[in-house]
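Engineer: Sequence and predicted structure, then a few things I'm wondering about:
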Amino acid sequence: MVRSVRWFIALVLCLPVLCLAATPGASPAFRVGVAPHSSARVILEMYQPLRLYLEQALKRPVDIVTAPDFTEFARRAMAQDYDIAITTGHQARLLQTDAKYLPLLTYQADFRAVALVAANSRYVEPKDLSNTTVLGLSASSLVTLWGQHWLQRNSVTNAPMQYVSASDSVGQLLLRGEGSVGFMSLANYQNLQPVVRDRLRVMAESLSMVGRVYLLNVRHTKQQNDVLSALKSFAETDQAKQYFARYQLGGYRSLEPRELNVMEPYANEVRMVLRQGK
(Lines give C-alpha, C1' and ligand atoms only; values in the text may rest on other atoms or scores of the structure.)
Protein backbone atom coordinates (compact mmCIF):
# COMPACT_ATOMS: atom_id res chain seq x y z
CA MET A 1 0.00 0.00 0.00
CA VAL A 2 2.78 2.44 0.97
CA ARG A 3 4.60 1.64 -2.25
CA SER A 4 1.46 2.38 -4.31
CA VAL A 5 0.99 5.73 -2.59
CA ARG A 6 4.62 6.70 -3.29
CA TRP A 7 4.24 5.74 -6.96
CA PHE A 8 1.05 7.82 -7.26
CA ILE A 9 2.71 10.89 -5.68
CA ALA A 10 5.70 10.59 -8.01
CA LEU A 11 3.40 10.36 -11.02
CA VAL A 12 1.46 13.48 -9.98
CA LEU A 13 4.68 15.45 -9.48
CA CYS A 14 5.88 14.49 -12.95
CA LEU A 15 2.63 15.34 -14.75
CA PRO A 16 3.33 19.10 -15.24
CA VAL A 17 6.69 18.31 -16.80
CA LEU A 18 5.24 15.62 -19.02
CA CYS A 19 2.42 17.90 -20.14
CA LEU A 20 4.86 20.71 -20.93
CA ALA A 21 7.09 18.43 -22.96
CA ALA A 22 4.12 17.09 -24.85
CA THR A 23 2.59 20.47 -25.69
CA PRO A 24 2.40 20.54 -29.48
CA GLY A 25 3.95 23.53 -31.22
CA ALA A 26 5.68 24.92 -28.11
CA SER A 27 8.57 27.16 -29.19
CA PRO A 28 11.84 27.24 -27.27
CA ALA A 29 12.72 30.56 -25.70
CA PHE A 30 14.53 33.05 -27.93
CA ARG A 31 17.73 33.87 -26.03
CA VAL A 32 18.97 37.47 -26.05
CA GLY A 33 22.50 37.51 -24.64
CA VAL A 34 23.68 40.84 -23.22
CA ALA A 35 27.38 41.34 -22.45
CA PRO A 36 27.85 41.95 -18.69
CA HIS A 37 28.50 45.70 -18.81
CA SER A 38 26.52 46.00 -15.55
CA SER A 39 25.27 43.63 -12.88
CA ALA A 40 22.82 40.90 -13.91
CA ARG A 41 20.05 42.65 -11.96
CA VAL A 42 20.59 45.93 -13.81
CA ILE A 43 20.77 44.20 -17.19
CA LEU A 44 17.51 42.33 -16.63
CA GLU A 45 15.84 45.60 -15.63
CA MET A 46 17.28 47.52 -18.59
CA TYR A 47 16.16 45.01 -21.21
CA GLN A 48 12.78 44.05 -19.76
CA PRO A 49 10.82 46.34 -22.16
CA LEU A 50 12.69 44.87 -25.14
CA ARG A 51 12.02 41.33 -23.91
CA LEU A 52 8.28 41.96 -23.63
CA TYR A 53 8.11 43.62 -27.04
CA LEU A 54 10.04 40.84 -28.79
CA GLU A 55 7.80 38.21 -27.23
CA GLN A 56 4.81 39.85 -28.89
CA ALA A 57 6.57 40.50 -32.20
CA LEU A 58 8.17 37.05 -32.53
CA LYS A 59 5.26 35.20 -30.91
CA ARG A 60 7.51 33.10 -28.71
CA PRO A 61 9.07 33.32 -25.24
CA VAL A 62 12.15 35.54 -24.95
CA ASP A 63 14.83 35.27 -22.26
CA ILE A 64 17.37 37.97 -21.39
CA VAL A 65 20.61 36.28 -20.30
CA THR A 66 24.14 37.38 -19.55
CA ALA A 67 27.41 35.84 -18.36
CA PRO A 68 29.76 36.21 -15.36
CA ASP A 69 32.26 38.26 -17.40
CA PHE A 70 33.05 39.40 -20.94
CA THR A 71 35.33 36.45 -21.65
CA GLU A 72 32.69 33.90 -20.72
CA PHE A 73 30.13 35.88 -22.73
CA ALA A 74 32.37 35.67 -25.80
CA ARG A 75 32.92 31.96 -25.19
CA ARG A 76 29.17 31.27 -24.98
CA ALA A 77 28.42 33.43 -28.01
CA MET A 78 31.08 31.60 -30.04
CA ALA A 79 29.35 28.36 -29.01
CA GLN A 80 26.14 29.72 -30.62
CA ASP A 81 24.43 30.02 -27.22
CA TYR A 82 22.53 33.21 -28.12
CA ASP A 83 19.88 33.94 -30.73
CA ILE A 84 20.68 37.65 -30.45
CA ALA A 85 23.97 38.84 -28.96
CA ILE A 86 24.35 42.42 -27.70
CA THR A 87 27.98 43.28 -27.11
CA THR A 88 30.65 45.91 -27.75
CA GLY A 89 32.22 46.42 -31.14
CA HIS A 90 35.34 44.27 -30.73
CA GLN A 91 33.36 41.20 -29.69
CA ALA A 92 30.81 42.00 -32.39
CA ARG A 93 33.62 41.87 -34.94
CA LEU A 94 34.78 38.51 -33.54
CA LEU A 95 31.27 37.05 -33.68
CA GLN A 96 30.78 38.39 -37.21
CA THR A 97 33.96 36.84 -38.60
CA ASP A 98 34.44 33.70 -36.52
CA ALA A 99 30.89 32.64 -35.62
CA LYS A 100 28.96 34.13 -38.59
CA TYR A 101 26.58 36.28 -36.52
CA LEU A 102 24.78 38.92 -38.58
CA PRO A 103 25.24 42.56 -37.40
CA LEU A 104 21.89 44.35 -37.17
CA LEU A 105 22.32 47.79 -35.57
CA THR A 106 23.99 49.78 -32.83
CA TYR A 107 23.22 52.85 -30.69
CA GLN A 108 23.42 56.45 -31.87
CA ALA A 109 25.45 57.58 -28.87
CA ASP A 110 29.22 57.51 -29.08
CA PHE A 111 30.96 54.79 -27.12
CA ARG A 112 34.00 55.89 -25.18
CA ALA A 113 36.12 54.33 -22.47
CA VAL A 114 37.31 56.30 -19.47
CA ALA A 115 40.09 55.92 -16.91
CA LEU A 116 38.75 56.86 -13.48
CA VAL A 117 40.40 57.60 -10.15
CA ALA A 118 39.00 58.64 -6.80
CA ALA A 119 38.58 62.40 -6.82
CA ASN A 120 40.60 62.85 -3.62
CA SER A 121 43.37 60.39 -4.55
CA ARG A 122 47.03 61.18 -5.12
CA TYR A 123 46.80 59.92 -8.73
CA VAL A 124 46.98 62.99 -10.96
CA GLU A 125 49.03 61.85 -13.96
CA PRO A 126 49.46 58.41 -15.57
CA LYS A 127 53.00 58.13 -14.19
CA ASP A 128 51.51 58.12 -10.67
CA LEU A 129 49.91 54.74 -11.42
CA SER A 130 53.12 52.72 -11.62
CA ASN A 131 53.45 50.09 -8.89
CA THR A 132 49.71 50.09 -8.16
CA THR A 133 46.76 47.77 -8.82
CA VAL A 134 44.43 48.80 -11.65
CA LEU A 135 40.84 47.64 -12.21
CA GLY A 136 39.18 46.29 -15.37
CA LEU A 137 36.02 44.37 -16.19
CA SER A 138 37.60 41.24 -17.70
CA ALA A 139 40.49 40.25 -19.92
CA SER A 140 38.36 40.59 -23.07
CA SER A 141 36.34 43.70 -22.19
CA LEU A 142 36.84 46.54 -24.69
CA VAL A 143 37.30 49.12 -21.93
CA THR A 144 39.88 46.88 -20.26
CA LEU A 145 41.80 46.34 -23.49
CA TRP A 146 41.74 50.07 -24.20
CA GLY A 147 42.94 50.68 -20.64
CA GLN A 148 45.86 48.28 -21.07
CA HIS A 149 46.89 50.06 -24.28
CA TRP A 150 46.59 53.42 -22.52
CA LEU A 151 48.80 52.25 -19.66
CA GLN A 152 51.42 51.01 -22.14
CA ARG A 153 51.36 54.25 -24.15
CA ASN A 154 51.94 56.20 -20.96
CA SER A 155 54.79 53.95 -19.79
CA VAL A 156 52.98 52.84 -16.64
CA THR A 157 54.92 49.89 -15.19
CA ASN A 158 54.26 47.18 -12.63
CA ALA A 159 50.51 47.80 -12.60
CA PRO A 160 48.76 44.40 -12.32
CA MET A 161 45.15 44.27 -13.51
CA GLN A 162 42.43 43.08 -11.15
CA TYR A 163 39.25 41.99 -12.94
CA VAL A 164 35.92 43.06 -11.48
CA SER A 165 32.45 41.78 -12.35
CA ALA A 166 30.65 45.08 -13.05
CA SER A 167 31.20 48.81 -13.50
CA ASP A 168 29.43 49.78 -10.28
CA SER A 169 31.82 47.47 -8.41
CA VAL A 170 34.80 49.22 -10.04
CA GLY A 171 33.57 52.54 -8.68
CA GLN A 172 33.10 51.18 -5.17
CA LEU A 173 36.58 49.60 -5.11
CA LEU A 174 38.20 52.85 -6.24
CA LEU A 175 36.50 54.74 -3.45
CA ARG A 176 37.69 52.14 -0.93
CA GLY A 177 41.26 52.55 -2.15
CA GLU A 178 41.46 48.98 -3.47
CA GLY A 179 42.67 50.13 -6.88
CA SER A 180 44.37 53.20 -8.29
CA VAL A 181 42.51 53.54 -11.59
CA GLY A 182 39.51 51.77 -13.09
CA PHE A 183 38.33 51.42 -16.67
CA MET A 184 34.70 51.49 -17.78
CA SER A 185 32.56 53.01 -20.50
CA LEU A 186 31.69 56.68 -20.33
CA ALA A 187 27.98 55.76 -20.34
CA ASN A 188 28.36 53.43 -17.36
CA TYR A 189 30.34 56.09 -15.52
CA GLN A 190 27.58 58.64 -16.17
CA ASN A 191 24.97 56.17 -14.91
CA LEU A 192 26.68 55.37 -11.62
CA GLN A 193 24.82 56.38 -8.49
CA PRO A 194 25.59 60.09 -7.83
CA VAL A 195 27.06 59.23 -4.43
CA VAL A 196 29.71 57.19 -6.28
CA ARG A 197 30.03 59.12 -9.56
CA ASP A 198 30.53 62.49 -7.86
CA ARG A 199 33.49 61.15 -5.90
CA LEU A 200 35.35 59.95 -9.00
CA ARG A 201 37.49 61.89 -11.46
CA VAL A 202 38.18 61.19 -15.17
CA MET A 203 41.90 60.94 -15.81
CA ALA A 204 41.61 60.01 -19.50
CA GLU A 205 38.96 59.39 -22.15
CA SER A 206 39.20 57.37 -25.36
CA LEU A 207 38.27 58.38 -28.87
CA SER A 208 34.84 57.25 -30.07
CA MET A 209 34.54 53.51 -30.79
CA VAL A 210 31.74 51.23 -31.94
CA GLY A 211 29.49 50.68 -28.95
CA ARG A 212 27.08 47.87 -28.23
CA VAL A 213 26.05 46.04 -31.38
CA TYR A 214 23.01 43.80 -31.85
CA LEU A 215 23.86 40.64 -33.81
CA LEU A 216 21.60 37.83 -35.00
CA ASN A 217 22.66 34.21 -34.91
CA VAL A 218 23.21 32.86 -38.41
CA ARG A 219 20.67 30.09 -37.79
CA HIS A 220 17.98 32.80 -37.99
CA THR A 221 19.11 34.23 -41.35
CA LYS A 222 15.63 33.80 -42.83
CA GLN A 223 14.17 35.87 -39.98
CA GLN A 224 16.70 38.67 -40.23
CA ASN A 225 14.30 41.19 -41.75
CA ASP A 226 11.56 40.30 -39.24
CA VAL A 227 13.89 40.69 -36.26
CA LEU A 228 15.34 43.94 -37.58
CA SER A 229 11.84 45.26 -38.21
CA ALA A 230 10.82 44.31 -34.66
CA LEU A 231 13.79 46.18 -33.20
CA LYS A 232 13.07 49.28 -35.26
CA SER A 233 9.39 49.16 -34.26
CA PHE A 234 10.37 48.79 -30.62
CA ALA A 235 12.51 51.93 -30.95
CA GLU A 236 9.34 53.93 -31.66
CA THR A 237 7.59 52.89 -28.44
CA ASP A 238 7.41 55.07 -25.34
CA GLN A 239 9.22 52.38 -23.33
CA ALA A 240 12.14 52.37 -25.75
CA LYS A 241 12.36 56.16 -25.83
CA GLN A 242 12.45 56.22 -22.02
CA TYR A 243 15.20 53.57 -22.09
CA PHE A 244 17.26 55.50 -24.66
CA ALA A 245 16.86 58.73 -22.67
CA ARG A 246 17.64 57.18 -19.28
CA TYR A 247 20.88 55.59 -20.47
CA GLN A 248 21.77 58.40 -22.91
CA LEU A 249 21.86 56.07 -25.92
CA GLY A 250 20.06 58.28 -28.43
CA GLY A 251 18.24 55.41 -30.16
CA TYR A 252 19.26 52.82 -32.72
CA ARG A 253 21.18 53.39 -35.93
CA SER A 254 22.51 51.27 -38.78
CA LEU A 255 26.17 50.32 -38.81
CA GLU A 256 28.36 52.16 -41.26
CA PRO A 257 30.12 50.11 -43.98
CA ARG A 258 33.29 48.55 -42.58
CA GLU A 259 32.63 50.12 -39.18
CA LEU A 260 33.35 46.83 -37.43
CA ASN A 261 36.49 46.19 -39.49
CA VAL A 262 38.51 48.73 -37.52
CA MET A 263 37.84 46.71 -34.38
CA GLU A 264 39.83 43.76 -35.72
CA PRO A 265 42.95 44.41 -33.57
CA TYR A 266 40.80 44.32 -30.41
CA ALA A 267 38.89 41.28 -31.72
CA ASN A 268 42.19 39.49 -32.19
CA GLU A 269 43.05 40.10 -28.55
CA VAL A 270 39.78 38.41 -27.54
CA ARG A 271 40.76 35.43 -29.74
CA MET A 272 44.04 35.15 -27.87
CA VAL A 273 42.29 35.35 -24.49
CA LEU A 274 39.91 32.56 -25.53
CA ARG A 275 42.76 30.39 -26.78
CA GLN A 276 44.59 30.85 -23.49
CA GLY A 277 41.48 29.79 -21.60
CA LYS A 278 41.50 32.80 -19.30
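Structural biologist: Yep, it's here.
Engineer: Next one, pLDDT for L15 please.
Structural biologist: As predicted, L15 sits at a pLDDT of 35.
Engineer: and what of A85?
Structural biologist: As predicted, A85 sits at a pLDDT of 98.
Engineer: and it, which of the three is it?
Structural biologist: Secondary structure for A85, judged by DSSP: H, G, I helix; E, B strand; the rest coil, is strand.
Engineer: Could you shift the numbering so residue one becomes 47, and keep it that way?
Structural biologist: All right, first residue 47 from here; so that's A131.
Engineer: ok, it to S275 distance?
Structural biologist: Using CB to CB, to the nearest Å, A131 is found at 19 Å from S275. The C-beta positions use only the backbone N, C-alpha and C, and glycine is treated the same way.
Engineer: Have a look at these two and say which one is more surrounded.
Structural biologist: Between A131 and S275, counting by other CB atoms under 10 Å, A131 is the more crowded of the two (30 against 12).
Engineer: what sits opposite the more buried one in the beta ladder?
Structural biologist: A131 forms beta bridges with G79, L261, as assigned by DSSP bridges.
Engineer: ok, it - contacts?
Structural biologist: The contact partners of A131, by CB atoms under 8 Å, 6 or more residues apart in numbering, come to 79, 81, 123, 137-138, 141, 147, 260-261, 263.
Engineer: now P114
Structural biologist: Neighbouring residues of P114 by CB under 8 Å, 6+ apart: 82, 211.
Engineer: Let me know the distance separating it from D214.
Structural biologist: Separation of P114 from D214 (CB to CB): 15 Å.
Engineer: same question, R121
Structural biologist: Distance, R121 to D214, using CB to CB: 24 Å.
Engineer: Same check on F116?
Structural biologist: Separation of F116 from D214 (CB to CB) stands at 16 Å.
Engineer: These two - which one has more neighbours?
Structural biologist: Neighbour totals were compared for F116 and D214, and F116 leads with 28 against 19 (other CB under 10 Å).
Engineer: Could you double-check that that one sits in contact with A123?
Structural biologist: No: F116 sits out of contact with A123 when judged by CB atoms under 8 Å, with a separation of 10.3 Å.
Engineer: Show me which helix or strand of this structure is least confident by mean pLDDT.
Structural biologist: For the chain, the helix or strand with the lowest mean confidence is helix 48-68, at a mean of 36 (criterion: mean pLDDT, DSSP states H and E).
Engineer: OK, contacts around S231?
Structural biologist: By CB under 8 Å, 6+ apart, the neighbours of S231 are 83, 157-160, 189, 213, 257.
Engineer: likewise G182?
Structural biologist: The contact partners of G182, by CB under 8 Å, 6+ apart, come to 189-190, 193-194, 207-210, 216, 228-229.
Engineer: The same query, at a cut-off of 6 Å, please.
Structural biologist: G182 makes contact with 190, 193, 207, 209, 229, according to CB atoms under 6 Å, 6 or more residues apart in numbering.
Engineer: Leaving out sequence neighbours, find the closest residue to the first one.
Structural biologist: Looking back up the chat, that one is T190. Leaving aside its sequence neighbours, T190 sits nearest to G182 (CB to CB, 6 or more residues apart in numbering; 3.3 Å).
Engineer: For the one helix or strand L140 maps to, the averaged confidence score.
Structural biologist: Secondary structure assigned from DSSP states H and E places L140 in helix 135-144. For helix 135-144, the mean per-residue pLDDT is 97.
Engineer: what does that helix rub up against?
Structural biologist: 120, 123, 131, 147, 149, 188, 255-256, 259, 261, 306, 309-310, 312-313, 316.
Engineer: any idea of the pLDDT on S84?
Structural biologist: 79.
Engineer: In this structure it contacts A212, no?
Structural biologist: Yes: assessed by CB atoms under 6 Å, S84 is found in contact with A212 at 5.5 Å.
Engineer: helix/strand/coil for V160?
Structural biologist: Following three-state DSSP, we place V160 in the strand state.
Engineer: Test of understanding: give the bridge partners of it.
Structural biologist: For V160, the beta-bridge partners under DSSP bridges are M230, E251.
Engineer: need the strands for the stretch 97-246 of the chain, in chain order.
Structural biologist: 108-111, 130-133, 148-153, 159-164, 180-182, 207-209, 227-231, 246-251 (DSSP state E, counting those that start in this stretch).
Engineer: Off-centre distance for the fourth one?
Structural biologist: Spelled out, it's strand 159-164. With CA atoms, centre = their mean, to the nearest Å as the basis, strand 159-164 stands 19 Å off its chain's centre.
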